[in-house]
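Q: could you look at this predicted model? Sequence included:
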Amino acid sequence: MAFVLTDFKHGDTTGTAPGIHSYTTPDSQADVNTAGYFNDLSATLAVGDLIFIWAVNTGTQVAILTQVLSNAAGVVDVADGTVLAATDSD
């Protein structure tokens, strides 16, 4: 599938700390971490920004944390991302 701008929420990007954003998609983790997926945001994403993503990994909805690795000439590349564990031991 493709990036959907209305499913992306910009976080605070003031100051020198990285921005923290969120995105929900039915796309797979592999699709989302492909270079160019977030190109529509090349004017607003900075290297080091974090993106909390609710995506699909092997058929299961998962929470993923990734960071912007590069943003040059309109091409945004993010890290593969880390699937966040959801443990409930009670």
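A: Done, it's in. Numbering: from 1, shown residues only.
Q: what sits opposite S22 in the beta ladder?
A: K9, F52 (DSSP bridges).
Q: that one and A72: what is the separation?
A: Distance, S22 to A72, using CB to CB, to the nearest Å: 24 Å. Bear in mind the C-beta positions are built from the backbone N, C-alpha and C, glycine included.
Q: which one of those two is surrounded by more residues?
A: More crowded of S22 and A72, by other CB atoms under 10 Å: S22, with 15 against 9.
Q: let me know whether the more buried one touches D49 as I believe.
A: No: under the criterion of CB atoms under 8 Å, S22 is not in contact with D49, lying 11.5 Å apart.
Q: let's see the pLDDT reported for the residue nearest to W54 when sequence neighbours are not counted.
A: Distance criterion CB to CB, 6 or more residues apart in numbering; nearest residue to W54, sequence neighbours excluded, is T24 at 4.4 Å. Listed pLDDT for T24 reads 95.
Q: same thing with M1?
A: Taking M1 on its own, its pLDDT is 72.
Q: list the buried residues of whichever strand or helix holds T25.
A: Per DSSP states H and E: T25 is located in strand 20-28. Buried residues in strand 20-28, counted by 16 or more other CB atoms under 10 Å: H21, Y23, T25, D27, S28.
Q: what helices and strands are in contact with it?
A: Here strand 20-28 touches strand 8-9, strand 50-57, going by 3 or more CB pairs under 8 Å, 6 or more residues apart in numbering; DSSP states H and E.
Q: show me which positions of the last one end up buried.
A: Spelled out, it's strand 50-57. For strand 50-57, burial by neighbour count (16+ other CB under 10 Å) applies to L50, I51, F52, I53, A55, V56.
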